[in-house]
Each structure stands twice: as structure tokens, then as C-alpha cells.
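> Test case, fold it:
(chains A and B)
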There are 2 protein chains.
Amino acid sequence: MDNSKKAWKLINGGIAVPKGFYATGVQAGIKYKDKYDVALIFSEVQAQAAGVYTRNLVKAHPLYLTQRHLENGLARAIVINSGNANACVGEFGDQAAFAMAEVAGTFLAVPPEDVLVASTGVIGVEMPLDKVLNGIRVASSLLLNDVVKGIRGQKEEADEGAHRAALAIMTTDTLVKEYAYELSCSQGGVIHLGAIAKGSGMIHPNMGTMLGFLTTDAFLPSEELQRILREAVEESFNMVTVDGDTSTNDMVILMANGASGITLSGEDRSNFEEMVKSMCIELAKDIARDGEGATKLMEVSVSGAKTKEDARKIARSICGSSLVKAALFGEDANWGRILTAAGYSGAEFNPNKVDVFLGKLIVAQAGKGVTFSEEEAKEILGLREVHISLNLHSGEEQATAWGCDLTHEYVTINGSYRT
Amino acid sequence: MDNSKKAWKLINGGIAVPKGFYATGVQAGIKYKDKYDVALIFSEVQAQAAGVYTRNLVKAHPLYLTQRHLENGLARAIVINSGNANACVGEFGDQAAFAMAEVAGTFLAVPPEDVLVASTGVIGVEMPLDKVLNGIRVASSLLLNDVVKGIRGQKEEADEGAHRAALAIMTTDTLVKEYAYELSCSQGGVIHLGAIAKGSGMIHPNMGTMLGFLTTDAFLPSEELQRILREAVEESFNMVTVDGDTSTNDMVILMANGASGITLSGEDRSNFEEMVKSMCIELAKDIARDGEGATKLMEVSVSGAKTKEDARKIARSICGSSLVKAALFGEDANWGRILTAAGYSGAEFNPNKVDVFLGKLIVAQAGKGVTFSEEEAKEILGLREVHISLNLHSGEEQATAWGCDLTHEYVTINGSYRT
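Numbering: from 1, shown residues only, chains lettered A, B, ... in the order given. Model (predicted):
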């Protein structure tokens, strides 16, 4: 990412970089041996918190619990497991989600209502609760050891734990998704933003579970956090999903514990908002790049739209088109499929005005193919990041969406995920 | 198909079985040598006609022409080419479509306004018009020779030509899709319905071009035909597409020339309506079965819905889910993905009431997994036709949709379609 003009900079570390935050991951053996699968994120002090959840009508059990526990806008910890989605298993699922919060609360000495819960993995199978709870117990004591180190001024050593948390939330992910930013405030002092995410089932993106967790040591009231997070999600994670639809388990949480002693206002607050959005976009791009079996990141920018929603619909429709994705894999400059996907997106535009570009190469002008160098097109499509852009020449609005190519590997992965 | 309780029966032949209809196909070399790629369908007498077109905002050039030529509800001939979609090529495309109608009209001695035009193939590339028009000339004389045979009482010999028409509209299809039905009327006499179709790009179904042509020797006014065709399409071809969205070129045409001397009324008319719907469903299932790279037909039935639209949305959402399709390919009884696809379909229902069946095997009850025999599930998923059904227990409405599995072969086909 180009951070050159930004008020913040990328620094080492992840979710536990902000002051007062700790995180760890353990191997609980939920689905696989030797795979980190239980993560804990913990704030030494009470934090303001906000959450954005899946719009799927079918919601996993932990989502109900987390929504309930976040009603007061406060949280101390998040416990997450991979390997089992804890979805569609009836009352057992609600009980399991609560047990996870309760055990984490007990071992971290915070009320269970201050613990949020997230899960990802196979749907419709009861989780091996004993293993999960054991994992939480072990994780709690590892984490408390890190807190002790932190108190002794050796918090950096705790970073390794935070990295294990990033590993523990992965399922079919092949890339670890963790970042930390540092923002120098105009009022003096610095604040931090840390984040981890998981997600990779992106071919028909509304089904790949996406989890994102963000922490900051700035202070903002939860209502503000909620607005900032929702707007950031709208421009990032929701732009790797079709129609804003999502899996049963999707969740993004932002916690702000104020441990920096800085309450954001004015320019600092708007910089913070931009920083959160930028972080979410970085994670969203990583998720697209890490699409199951994917070899390429596709970025689709639509400009000149009459409304923002039209631009969003078209960008997502193109990213979600299996034919575009397969053509990208085959490095075939099939722009007709791009225009077709725009055409059925539900957006309004005049097809006879649309220009289509692959990278900087124009391939269609005013809705009609132009002669272009196949060689140049092939070269552009051969890159690891392929930029497709459309100018609708119908207005001023624009939007960007991200996706990936559709490959043989995707079929292999998803033909045998459950068993 | 089980025709046992129907008033009509399946008979040999296809589009030219109804009296007064002729059809043929030729190899014009549009994209490949040795591939039939220009088809003609012709009625000896003026026919009432109806058309249903793609809802894609980006429409191929021949669609505008056909809509215009059908404004008076009358037609004599349809000319179709495969190998080039004649879409998104600007004015040339409109001129090419008109030239196709004009040449067919000239050689068949009918006004060009009575000729309908359809195309399928690659988008955004100008068609080799000379080859196409030459093909139409050759096809016209072959067809007129068949008309002569017909007048001499040897119409059966013309069936071979009709079969070539079915071949000529195919692109990546691997199955020829042609059927003929015969209906004995309660008022005495018989009428016939013939049909051909093409379509196979079905993974994200709204992009695979689908063409369907139906002929009958019954008489019905074009307004009636239009209503009957629209209703039939709604329950058939539109149930192999997501959200009713379609490619730039989709078109279904029904012509009724009255050559049987029978004007339909009462019971015969309702039987005719059922017969048209049944024909469209048979063709739609063939299209799903012939999905690019597909090895299985998936039939999804949703019952107990509050509204018909809810049932339709859920059935199509499941058929369109890449994760369900990949699981089907892998023969993995991943019913969680089925419920997830229902959840984001946009339909309203209570997830905690839903039963899910693979064939007759219940795999989830009241939204929750039940213990089932993996072996039995594997056996069901191993069949060439897999039936998935959901009972929502929320109302009385139901709908059925069709799809196919997602395979390695699909990726191969669509990674290199254009080049």
C-alpha cells in the first residue's frame, strides 16, 4: 500500500500493537492436529466496541450471543475458534457459544457479558466443545503471562502470541492477514490500530466466511465506533461480497480501549476514520487475493456512474462473475463478459457509452470493441494484480470492488471441504 | 419425462414436426470448419408468434431487430447463427442483423419484417458477415427443396434438415436438445409442438446464452401465445437462471401457424398450455444437465413457502451457489451450504423450521443437522440426477429450479472460450 500521503504509517505487528491489548492462539485440535484453532483477544481495561454482522437470514449461534453482549457497547475480550462454525446445530449451539464466553470470562476474570464470540468452519456439525473449552483455558493462561510481561515492560515479546491469534482464525486461508498502523496525532502523541482477518472462500463471495478484528488504543465512544466501522466495512469487506450478502458467520469487531490516553477529535478523528477504512480495504484485498485456489487479485473500478449504488452494483457484479473470473484465470481478454456482467448487475447505465480498460489498455469504447494489442492484453492479464476499469460516462460517482480468478484448485478445495 | 398422465405424448423429430414447418442447418464456417452454424426455421404460411428476451441491459443487435419484427405478432421464418453473438459491435451489428433478415427474406420470398434473427457466440467481435449470408443462401435452397418434398407428401425426409438446425444453434453444448409432442384434441384431430434449444454456460447461470425455438401447427392469436410463452419461460428457463438475469443474447420464440386447421379452446387450450410449459421444462433441464463441464443435473424443490417468489428465490439461490455446486461435484453432503444459500437468497423464512432432504434422505430437520447415513448420502450424490428439497413449513407455495455441478472442466472451458 502507498502510505506516503497518509497521516499514519504501517508498522510491525498486528492485533496486539495498540496499548493494553493482548492476543494469543493455541492448538486445541478442533479439526486438525498441529493447527492453531482457538484465539483470544484481550484488553486490560474496559473497551468501547462496535460490531458489523452478516446479513444472512441464517446466522450462526455465536452471532446472537455477540450481538447481545455488545448491546451496551462495551467489551473486554473476544474468543474465536476455527474448524467449526457453530451454526445450525440448534440449542446446543447457543449453549456452546455461551460456554465459550463463560470459560474465557472465568479464566480472564471478566464478566462473560464482556466476552464476544466468533466461529468459522463447517456448518451443521456440533463442535467438540470440550476441546474448544480446553483450548480457551490454555489460551487464557498464555495470554495472562503476556499481560505480566507487558506490565514488566516487555510487551514486544507478546507479539508472537498475537501472530498465533492471526493463525488460529485461518481456515482455507493461505496468507496470514495482520497489520498495524501508527498515527501521529496533531494534538501530540500517537495512537495505534491493529487488525487480523480471515477469509478466502471467494468465488461466489457471499458464502466465504469473513472475520475481521480491529483494536485501537484511542478513545471513541461506541456509537462513533459503530458508524466508523459500518462505513469502512461498506467500502471494503462488502466490496468483496455480491449484493452485501454474506455467510452465516461473518463478523467484524472494532474495540477502542483508550489506553493511549488520547480522545480523538478534529483532524485526528478524521484521520482515524480514514485509517480504519484503509485498514479494512487492505484486509479485504488480502481476502480477495487469497480466494480459494486463486492466482490473481482482480480490482474493478467503475467511474462515471449516476449513483454510488450503481457503481457498486456493477463493480461487484463483475468481480462475482464466474465467466469473468475464469477468463482471468485463462488470461483471455474477454471484455464482452465484463460488459455482460455490468448489464445484469441491476444498475442503470447506457451500454453505448461505456469504456472498458484492462490496466491502462482500452479494449472497448462507447460499448463497442476497439482493436487492441492482444499481446499487451495478455501481459496485463498475466500480472498477479489485474485492474479492470469502466467509465460509464453517465455521472460522477465511482466505486471499487475486489475479487480473484476462478481456478481448477477452487473446485478441488470446495469439492471436499466438509469430509 | 413421465408422460403417462399427460394428454400429449413424446414423438420422434423436432422443430419441423408441426405441419407446415421446415428447418435446416448448414456449415458456414463462421468460427469452425465442419460445424453446423447457420439454422433456418420456416413456416409455409404466415404464423402468429411470440418472443421472450433477455432482461440484460446490454442486448445483442439481433434482439432489437427481432423485437421490432415481432411487433405485429406475425412471422414466417427465423434465422439463427452460432459462433458469433453479434453483440457490442456498434452500428455494424444492427446492419448485420438486418442483412441476415433481408437475405433470408429474399431467398425464401417473404418480407424481411417477417424474419426473426438470433445469434450466439463470442461478444464484441464483428461477425464474418459474408460467410453468414452465404450460409443463409445455401440453407434457404436446402429448405425450399424440403418444402417441395413436403408438398409431394415426403415431409418425413425433411426431418434430417430439422436435426441439422438443432446442431447449428449449439455452441459448447454437448447434447442436442430437440423434442416433439403430439396432442390429441378433445374436439378431434391432433396438433403438434416441436422445439429446439441451446444453452450450456450454466455455472453462474445468468451469463450462458440460452436460445429456444418452439413451433406448433395449432392456431392461437399472438397475444395468447405471448402469455402462454411468458408463463412457461417463468417456470422453466428462468429457473435455470439466477434472479431472472440473462445473457445479452437470450431469446425464446414460439410460432403457431394453424396448419393443423385446429383453433384451440377449452380443455385443448389448457392442455396446450401445459404442453408448452412441459416442453420448456424438458429443454431447461437439458440445458442444466449440459452445463459446461457438468457431470450431474441438480433439481432443487422448495415447498412450504409463504410466497411463490420466496420459493423461487431460494430454489435459484441454491442452484446458483458455487459452493453447493462444487460440493455436488465432490459428492459431499454439505447441507450447511444449502441452508446458507437459502439464507442469502433474499427470501423470507424461519431458518429454524427448515427441513432439508437429499433425495428422500433427511439431512437437516428444523434447521438443525440430523444423524444420517453418509453412505446413503454418498450414493444419492453419486447419481446423475440429484434431487435436493427443502420444506420451509411456512406456507403453501412451491417452486423448482435446475442446475449442475461445478467441475474442473468448467474452468478449463471458460478459461479459454474466446481465444
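> Was I right to think residue A:177 contacts residue A:197?
Yes. Counting by C-beta atoms under 8 Å, residue A:197 is a contact partner of residue A:177 at 4.3 Å. Quick note: C-beta positions are derived from backbone N, CA and C, even for glycine.
> and for these two, which residues touch both?
Shared contacts of residue A:177 and residue A:197 (C-beta atoms under 8 Å, 6 or more residues apart in numbering or on different chains): A:283, A:286-287.
> most surrounded residue in these?
residue A:287 (30 neighbours; other C-beta atoms under 10 Å in any protein chain shown).
> The helix or strand harbouring that residue: which residues count as buried?
If you go by DSSP states H and E, residue A:287 is part of helix A:266-289. Of all the residues in helix A:266-289, those buried under the rule 16 or more other C-beta atoms under 10 Å in any protein chain shown are A:268-269, A:271-289.
> what would the shared contacts of residue A:177 and residue A:197 look like in TSV with pLDDT?
Shown next, in TSV, are those (pLDDT from 0 to 100):
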residue	pLDDT
A:283	94
A:286	90
A:287	87
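> Nearest to residue A:42 among the residues you listed?
Proximity of the shared contacts of residue A:177 and residue A:197 to residue A:42 was ranked by C-beta to C-beta; the top entry is residue A:283 with 20.7 Å.
> Contact partners for that closest one?
A:177, A:179, A:195, A:197, A:212, A:236-237.
> Counting neighbours, which of these end up buried?
Those of the contacts of residue A:283 that meet the buried threshold are A:177, A:179, A:195, A:197, A:212, A:236-237, by 16+ other C-beta under 10 Å.
> which residues touch whichever residue of the stretch 101-250 of chain A sits closest to chain B?
The nearest approach of the stretch 101-250 of chain A to chain B comes at residue A:123, 2.6 Å away (C-beta to the nearest C-beta). Going by C-beta under 8 Å, 6+ apart, residue A:123 touches A:60, A:85, A:87-88, A:248, B:334, B:336-337, B:339-340.
> among those, which two are most distant?
The largest separation in the contacts of residue A:123, counting by C-beta to C-beta, is between A:60 and B:334 at 15.4 Å.
> More neighbours: those two, which one.
Legend: neighbour count by other C-beta under 10 Å for residue A:60 and residue B:334, higher for residue A:60 (33 against 27).
> wait, isn't the more buried one in contact with residue A:248?
Yes. At 4.7 Å, residue A:60 counts as touching residue A:248 under the criterion of C-beta under 8 Å.
> Find the residues that touch each one of the two.
Contacts common to residue A:60 and residue A:248, judged by C-beta under 8 Å, 6+ apart, are A:85, A:87-88, A:123.
> In strands, which of those fall?
When the shared contacts of residue A:60 and residue A:248 are checked against strands (DSSP state E), there are no matches.
> just the buried members of those?
Buried, going by 16+ other C-beta under 10 Å: A:85, A:87-88, A:123, out of those.
> Of all the residues you listed, the one with the weakest confidence?
In terms of pLDDT, the lowest of these is residue A:123, showing 85.
> ok, the closest residue to that one other than its chain neighbours - contacts?
Distance criterion C-beta to C-beta, 6 or more residues apart in numbering or on different chains; nearest residue to residue A:123, sequence neighbours excluded, is residue B:336 at 2.6 Å. Contacts for residue B:336 (C-beta under 8 Å, 6+ apart) come out as A:85, A:87-88, A:122-125, A:248, A:418, B:369.
> pLDDT wise, what is the residue nearest to residue A:276 when sequence neighbours are not counted at?
Nearest non-adjacent residue to residue A:276, counting by C-beta to C-beta, 6+ apart: residue A:232, 4.8 Å away. We have a pLDDT of 95 for residue A:232.
> Look at residue A:232 and say how many residues are nearby.
The burial count for residue A:232: 26, using other C-beta under 10 Å.
> so who does it touch?
Here residue A:232 is in contact with A:273, A:276-277, A:279-280 (C-beta under 8 Å, 6+ apart).
> please redo it, this time with the cut-off set to 6 Å
Residues in contact with residue A:232, defined by C-beta atoms under 6 Å, 6 or more residues apart in numbering or on different chains, are A:276-277, A:280.
> Residue A:405 now?
A:294-296, A:325, A:328-329.
> and which of those is nearest to residue B:22?
residue A:325 (42.3 Å).
> where does the closest one land on pLDDT?
83.
> Please work out the angle formed by the directions of the helix or strand it falls within and helix B:322-329.
Using DSSP H and E, residue A:325 falls within helix A:322-329. Angle, helix A:322-329 to helix B:322-329, by axes from the mean of the first three to the mean of the last three C-alpha atoms, to 10 degrees: 80 degrees.
> name the helices or strands packed onto helix A:322-329?
When contacts are defined as 3 or more C-beta pairs under 6 Å, 6 or more residues apart in numbering or on different chains; DSSP states H and E, helix A:322-329 packs onto helix A:335-343, helix B:408-415.
> hey, where'd the helices end up in the stretch 1-150 of chain A?
For the stretch 1-150 of chain A, applying DSSP state H, counting those that start in this stretch gives helices covering A:61-69, A:91-108, A:129-151.
> Map the structural domains onto the sequence of chain A.
A:8-289, A:297-414 (automatic domain parsing).
> okay if I get these as a markdown table plus distance to residue B:352?
Putting these into a markdown table (distance: least, C-beta to C-beta, whole Å) gives the following:
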| stretch | distance to residue B:352 |
| --- | --- |
| domain A:8-289 | 8 |
| domain A:297-414 | 27 |
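> Name the spans of the stretch 301-419 of chain A whose pLDDT lies under the cut-off.
Along the stretch 301-419 of chain A, the model assigns pLDDT under 70 to residues A:410, A:413-419.
> at 80 what do you get?
For the stretch 301-419 of chain A, residues meeting the criterion pLDDT under 80 lie at A:322-323, A:406-419.
> Show me which residues of it sit near chain B.
A:322-323, A:326, A:329-330, A:332, A:334-336, A:339-340, A:343-344, A:351, A:367-369, A:406, A:408, A:411, A:414-416, A:418-419 (C-beta under 6 Å from any C-beta of the partner chain).
> Any of these buried? List them.
Members of these classed as buried by 16+ other C-beta under 10 Å are A:322-323, A:326, A:329-330, A:332, A:334-336, A:339-340, A:343-344, A:351, A:367-369, A:406, A:408, A:411, A:414-415, A:418.
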